[in-house]
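Undergrad: heads up, no residue letters with this:
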């Protein structure tokens, strides 16, 4: 009698363990699908100008200071998001993850006024 009761308990524990593994697998699949849905895919072409994200840790970064470094030029695009870029000023060439890059918007020159809006003094 006691042997049958312990076998029943073991089988119930085994069922609970399998159910827990299944729930864990479903949770991981849903979490991955949610994460992958919100990833922005970036594509780069040769000789394209890009900004490089500056990930250096600063103790007191300025609020209005840009997190993007100088312009770089794309030399080669590898599979799985790797990109080879070159600094046109220093001539350095290195390979990095494409998620650290942002396309440069040509057409706006430095110092060019896009729209001017006069400010009025409050009464």
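TA: Yep, that arrived. The structure presented is a predicted model; accordingly, all values stated were derived computationally and were not measured.
Undergrad: any idea how many residues pack against residue 70?
TA: Look at residue 70: counted by other C-beta atoms under 10 Å, it has 11 neighbours. Placement of C-beta: from N, CA and C, glycine included.
Undergrad: mind jotting down where the strands sit in the chain?
TA: 49-53, 68-77, 82-86, 93-97, 101-103 (DSSP state E).
Undergrad: and those, which is most packed in?
TA: Most buried of those by mean neighbour count (mean count of other C-beta atoms under 10 Å) is strand 82-86; its value is a mean of 18.
Undergrad: who are the packing partners of that one?
TA: strand 49-53, strand 68-77, strand 93-97 (3 or more C-beta pairs under 8 Å, 6 or more residues apart in numbering; DSSP states H and E).
Undergrad: who touches the last one?
TA: Around strand 93-97, the neighbours that count as contacts under C-beta atoms under 8 Å, 6 or more residues apart in numbering are 52, 75, 78, 81, 82, 83, 84, 85, 86, 87.
Undergrad: average pLDDT across that strand?
TA: The average pLDDT within strand 93-97 is 88.
Undergrad: same thing with stretch 45-54?
TA: Here the average pLDDT along stretch 45-54 is 86.
Undergrad: quick one: the most centrally placed residue in the chain and residue 9, what's the gap?
TA: Residue closest to the mean C-alpha point of the chain, counted by C-alpha atoms, centre = their mean, is residue 99 at 5.1 Å. From residue 99 across to residue 9, the span is 50 Å (C-beta to C-beta, to the nearest Å).
Undergrad: and what of residue 42?
TA: Taken as C-beta to C-beta, the span from residue 42 to residue 9 is 54 Å.
Undergrad: no further questions, thank you.
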